[in-house]
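Q: Have a look at this prediction, sequence included:
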Amino acid sequence: NAGVTQTPKFRILKIGQSMTLQCAQDMNHNYMYWYRQDPGMGLKLIYYSVGAGITDKGEVPNGYNVSRSTTEDFPLRLELAAPSQTSVYFCASSLDRGNTEAFFGQGTRLTVV
Amino acid sequence: GQSLEQPSEVTAVEGAIVQINCTYQTSGFYGLSWYQQHDGGAPTFLSYNALDGLEETGRFSSFLSRSDSYGYLLLQELQMKDSASYFCAVNQGGKLIFGQGTELSVKP
């Protein structure tokens, strides 16, 4: 099992560009999450999904979009990148609502210049 | 809404015991979990409390009091490798909300 795989690991974007951060898990987990973490800060929930076809906003959804067409994949889309979106992005998954052992990917370090 | 509060920093010496507290205000509470994150790494799961009481996993223990909206992580026999950030997280029916984290520094 690879666990949770995120790509790319690093990316530099120019202001106004768009990109998709990829996340895939091979553990057949129902719940998937996207977080951002600014330096020295905690993890802020952007979006989460409780299963294929179902997504919901977290604490900081503005400027982002997600989709969940399969159980395995949960891509995060940034439209019109802004410097405020410079951060480390983590994708995570967990089995169900009661089992909150969340497994994290290794993160994507994004810089918007 | 929801909020979690943890101390921002804690310092302790090797071999000692340290307690990291977490208080929360949230709706739809299912449980409290703890994660460890080393610099530059991904968070890793340490423990989860759904019910009141103490959960023990090796050198780490976690406690929850639902009536007090309070929990703590207890680290015993501290080692240098325990220097990291520790996060509490509330489970709101599968939606995981994290606190700001506590940076633990273990000194020789």
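A: That came through fine.

Q: Just to check, A:V66 is in contact with A:D56?
A: No. Using Cβ atoms under 8 Å, A:V66 is not in contact with A:D56; the gap is 9.3 Å. Backbone N, C-alpha and C define where each C-beta goes, glycine included.

Q: Which one's more surrounded, these two?
A: Per other Cβ atoms under 10 Å in any protein chain shown, whichever of A:V66 and A:D56 has more neighbours is A:V66, with 23 against 13.

Q: Look up the closest residue to the residue nearest the centre of chain A, ignoring the ones flanking it.
A: The centre of chain A sits closest to A:W34, judged by Cα atoms, centre = their mean, with a distance of 3.0 Å. Nearest residue to A:W34, sequence neighbours excluded (Cβ to Cβ, 6 or more residues apart in numbering or on different chains): A:I46, at 4.4 Å.

Q: if I look at the one you found, how far off is chain B?
A: 12 Å (Cβ to the nearest Cβ, to the nearest Å).

Q: for that residue, helix, strand, or coil?
A: Assigned state for A:I46: strand (three-state reduction, DSSP: H, G, I helix; E, B strand; the rest coil).

Q: mind listing what it touches?
A: Contact analysis of A:I46 by Cβ atoms under 8 Å, 6 or more residues apart in numbering or on different chains lists A:34-36, A:58-61, A:64, A:66, A:76, A:89.

Q: nearest spatial neighbour of the residue in chain B that chain A sits nearest to, skipping sequence neighbours?
A: Going by Cβ to the nearest Cβ, chain A is nearest to B:G94 of chain B, at 3.3 Å. Nearest non-adjacent residue to B:G94, counting by Cβ to Cβ, 6+ apart: A:R97, 3.3 Å away.

Q: So the one you found sits against A:G51, correct?
A: No. In this structure, A:R97 is not within contact of A:G51 by Cβ under 8 Å, at 10.6 Å.

Q: Nice, that's everything, thank you.
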